[in-house]
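**Q** Test case, fold it:
(2 chains, ligands or ions: 1)
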Amino acid sequence: MPRIRKPVVPGWFTQDTGDFRLLGTRCRSCGSVFFPREDVFCRNPGCAGDDLEEVPLSRHGTVWSYTDGRYRPPAPYVSDPDTEWRPYTLVAVELVAERMVVLGQAAPGVGVADLAVGAEVELVPGILNEDAEHTWTTWHWRPVTTAPGPETTA
Amino acid sequence: MTGEVAVLGAGMHPWGKWGRGFVEYGTRAAREALADAGLEWGAVQSVVGADTVRGGYPGYVAGATFARALGSQGTRVTSVYAACASGAQAIDTARAQILAGMAEVVLVVGADAAPKGFFAPAGGDRPDDPDWLRFRVLGATNPAYFALYARRRMALYGDTVDDFAQVKVKNSAAGAANPYARYRRRVTTREVAASPVVADPLRLLDICATSDGGAALVLSSMDAARRHGVADPVRIRAVAAVTPRYPRTELDLPDIASDSAAAVAEPAAGFRASLAQGAYEEAGIGPEDLSLAEVYDLSTALELEWYEDLGLCGTGEAAKLLRDGATALGGRLPVNASGGLASFGEAVPAQAVAQVCELTWQLRGRAGERQVPDARVGVTANQGLFGHGSAVVAVR
Ligand SMILES: [Zn+2]
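**A** Model (predicted):
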């Protein structure tokens, strides 16, 4: 039986659409942007707004910083203790239009040697883990290269 | 200025991996602080406990737990949780009670028995909790965040991994002279470089361990100190425990994203700097008045951030201050004369209390081999999850 594709957190990114984006919210009163989304009250201390609309965030950004995880993280991160640990890479990305930094895992195969502070990266859909029933989907950051290639739709 | 309170006594349980309960560590520290103050337990009118969330149910109500262990006697009791700032908020609570005239002698206790390895969120599926989410979605451990800051320093200011290692070398040398420290051996740069990478560019010896430990203080009004025959006590002159200002533009534990500065300009001072500024303002001092500082060196690179946030040097100049030897024992302004978390490890509710214990011993001139000559003014600084943090100024 095929696994059902499910976002690791509902409502944080578009699922299975052509234009993959992180989804934040924006206060209709003051224009403040939030990711992860704030849906109830605006957090700007000078704003009493409680009307927040969903907005897709920029698909491109620049690397604010990056690192990797050489040791298996504890639960609730899902990883099979019987398999060899393969480090993931984390990238903190500065979105120019939103003026905020969003953390994410790098796309598979991207290591710290492939990254530099200030380099351009783009958002791509990714898979966090799979279990018997589900494929848990997430977002990944991937360095922007000049070489054209097919978009992964993993 | 809101007035001063006296530090009558300071006590600790040695830090390590002892495999016993946090109540024992805290109670032993409390008894030591009382003995140091020359006071009986019966003289205490209020107990403020800094909570641990890892000690099971009694951990959440640490004030009553320590009071019961010492022998419940109907004192006022308070329990405080503020992540890594729990100990400082316990001190702040005690101070407020004293300054308000609610109690003259207050016992502050923090203790923990931390599990080995990475700190992890509490169990269960809790997708509303940012701390749970960062592990579930990203596997982003505390060292991962420390590494992001370290890498950014390297890119922006030219800090090197050797600079980071030198912080460990410095703090381990101080810790070697501290009988309460868990690690009492001098570490070399070569040993740091030979330790495994945890989160690039930080290695195992760049990151503080988790520990068991306890620390306690006996605080009193200045009048009570005089009546007790202590004419010139170490005094706590300021405690800053302020929130960050919106928008908080530096990515911080445990958040997956920073605030956006698209609609509201970012504040003039970042969170850590605002803690220091708050404490300086309340104490009526500046960084130029300091004899020493105790800061949260959760990682070696993070200690360098604090130099700048405390105003010990300009932005990007911390590595130079370190290289010049200014922050080592014997330098112009020793930082982490206790050995810091590098030598103690993390015992969350205890460590902000332990920082003030160290200031107390230093300001009394009784810090032994690690004594900072003629110490008159000291500051502590720490930062914890969810926008908690504090800075304490103590003077002599
Ligand atoms: Zn608003």
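**Q** C-alpha only now, for contacts and for neighbours.
**A** Fine.
**Q** Quick one: classify whichever residue of chain A sits closest to the ion as helix, strand or coil.
**A** Closest to the ion within chain A is A:C30: 4.1 Å, counting by Cα to the ion. Here A:C30 is coil, with the state taken from DSSP: H, G, I helix; E, B strand; the rest coil.
**Q** Might you report the residue contacts of it?
**A** Contact analysis of A:C30 by Cα atoms under 8 Å, 6 or more residues apart in numbering or on different chains lists A:C47, A:G49, B:A263.
**Q** could those residues go into a markdown table alongside neighbour count and distance to the ion?
**A** Converted to a markdown table, the contacts of A:C30 look like this (neighbours: other Cα atoms under 10 Å in any protein chain shown; distance: Cα to the ion, whole Å):
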| residue | neighbour count | distance to the ion |
| --- | --- | --- |
| A:C47 | 14 | 5 |
| A:G49 | 17 | 5 |
| B:A263 | 16 | 9 |
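**Q** can I assume B:I236 sits in a strand?
**A** Yes - checked against three-state DSSP, B:I236 lies within a strand.
**Q** need the helices for chain A, in chain order.
**A** Counting by DSSP state H, chain A has no helices to list.
**Q** where does it have low pLDDT?
**A** Chain A contains residues with pLDDT under 70 at A:146-154.
**Q** how about the closest residue to chain A within the stretch 101-250 of chain B, what does it touch?
**A** Residue nearest to chain A within the stretch 101-250 of chain B: B:R136 (4.3 Å; Cα to the nearest Cα). Shown here is B:R136, whose contacts under the criterion Cα under 8 Å, 6+ apart are A:A75, A:P76, A:Y77, A:V78.
**Q** helix/strand/coil for it?
**A** Classification of B:R136 by three-state DSSP places it in helix.
**Q** can you tell me how far it sits from A:D16?
**A** Here B:R136 is placed at a distance of 21 Å from A:D16 (Cα to Cα, to the nearest Å).
**Q** end to end, how far does stretch B:133-148 reach?
**A** 18 Å.
**Q** Run the chain-centre distance for that stretch.
**A** Stretch B:133-148 sits 21 Å away from the centroid of its parent chain (Cα atoms, centre = their mean, to the nearest Å).
**Q** likewise stretch B:157-174?
**A** 19 Å.
**Q** CA atoms of that stretch as PDB?
**A** Written as PDB, here are the backbone C-alpha positions of stretch B:157-174 (Å, rounded to 0.1, in the frame of the first residue of the first chain):
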ATOM      1  CA  TYR B 157      34.800  38.900  12.300                       C
ATOM      2  CA  GLY B 158      37.400  36.400  11.200                       C
ATOM      3  CA  ASP B 159      37.300  34.500  14.500                       C
ATOM      4  CA  THR B 160      39.000  31.100  14.200                       C
ATOM      5  CA  VAL B 161      38.400  27.700  15.700                       C
ATOM      6  CA  ASP B 162      41.700  28.200  17.500                       C
ATOM      7  CA  ASP B 163      40.200  31.400  19.100                       C
ATOM      8  CA  PHE B 164      37.300  29.200  20.300                       C
ATOM      9  CA  ALA B 165      39.700  26.600  21.700                       C
ATOM     10  CA  GLN B 166      41.600  29.300  23.600                       C
ATOM     11  CA  VAL B 167      38.400  30.100  25.500                       C
ATOM     12  CA  LYS B 168      38.400  26.400  26.700                       C
ATOM     13  CA  VAL B 169      42.100  26.600  27.500                       C
ATOM     14  CA  LYS B 170      41.500  29.800  29.600                       C
ATOM     15  CA  ASN B 171      38.400  28.500  31.400                       C
ATOM     16  CA  SER B 172      39.900  25.100  32.100                       C
ATOM     17  CA  ALA B 173      42.900  26.700  33.700                       C
ATOM     18  CA  ALA B 174      40.600  28.700  36.000                       C
END
